[in-house]
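A.B. asks: I would like to see how this sequence folds:
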Amino acid sequence: MKEHSKRYLESDKTVADKDKEYQLKEAITVLKKFSVVKFDSSVDLHFNLSVDSKKSDQMVRGTVVLPHGTGKTIRVAVFCKGEHERQAKEAHADHVGGTELIDKVAAGFLDFDVAIATPEMMKDLSKLGKVLGPRGLMPSPKTGTVTNDVIKAIEDVRKGKVEFRVDKQGGIHLSVGKISFAEDKLYDNASRVIEAINDAKPASVKGKFVKTLSISSTMNPGLRLSI
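C.D. replies: Modelled structure (predicted):
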């Protein structure tokens, strides 16, 4: 049986009805009242979807731009060369390069949160599939991270563009900001994520798409949301 921290148990006492389903605004208000940690904790949404991730026509994947950003400093690596390399540096990407950056990552360098690549680099970048893939860092045209417009891609990431993808258990877990955000900003971000994931419902999935949905902050209990 999992043992929870003293802080978690203190917060859990404030939730009188563990089976209650909260409206989003109410849940955010409750989260803000939980026991405060010594750092600016993340606020996360947890989806349990009625999909079989093994079926290609039931893969749920996409991107969404959070209206008020993530509250995190996003480190961006851009795999490119020539004119695109100059553009990426001017757009203040953290790491920019071609084959030399690929070799650096192959040797163990992973000091970035998002990877962007130009189409011409994808053939060389494929050798990093086993390194970047499991970490969700492999650039993809579907998420706008394989593009010749590296400036826009970098700007979108800086503004709060995040990727979501269903896992093997049919779950999606995504941060919608920091607990220090004003309640209305957390609401806007969370609402946008919920809308984006509902819009990503595969045509092959019939009936109820989101089985359960909850919201939580780091080291505190989650609250079930009314769907």
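A.B. asks: only C-alpha atoms from now on, for both contacts and neighbour counts.
C.D. replies: OK.
A.B. asks: give me the neighbour count for residue 123.
C.D. replies: 8 (other CA atoms under 10 Å).
A.B. asks: so it, which state does it fall into?
C.D. replies: helix (DSSP: H, G, I helix; E, B strand; the rest coil).
A.B. asks: from residue 76, how far out is it?
C.D. replies: 20 Å (CA to CA, to the nearest Å).
A.B. asks: give me the pLDDT for the residue nearest to residue 171 when sequence neighbours are not counted.
C.D. replies: Nearest residue to residue 171, sequence neighbours excluded (CA to CA, 6 or more residues apart in numbering): residue 48, at 4.6 Å. pLDDT recorded at residue 48 is 96.
A.B. asks: what of residue 13?
C.D. replies: Residue 13 is given a pLDDT of 48.
A.B. asks: how does this protein divide into domains?
C.D. replies: Using automatic domain parsing, the domain parsing of the chain gives 37-69+162-225, 76-158.
A.B. asks: can you redo the ones you listed as CSV with distance to residue 25?
C.D. replies: Shown next, in CSV, are the domains of the chain (distance: least, CA to CA, whole Å):
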stretch, distance to residue 25
domain 37-69+162-225, 6
domain 76-158, 26
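A.B. asks: which residue ranges of this protein form helices?
C.D. replies: 6-12, 24-33, 83-90, 99-106, 122-125, 129-132, 150-159, 183-199 (DSSP state H).
A.B. asks: ranking these by burial, who's on top?
C.D. replies: Mean neighbour count, computed with mean count of other CA atoms under 10 Å, is highest for helix 150-159 among the helices of the chain, reaching a mean of 19.
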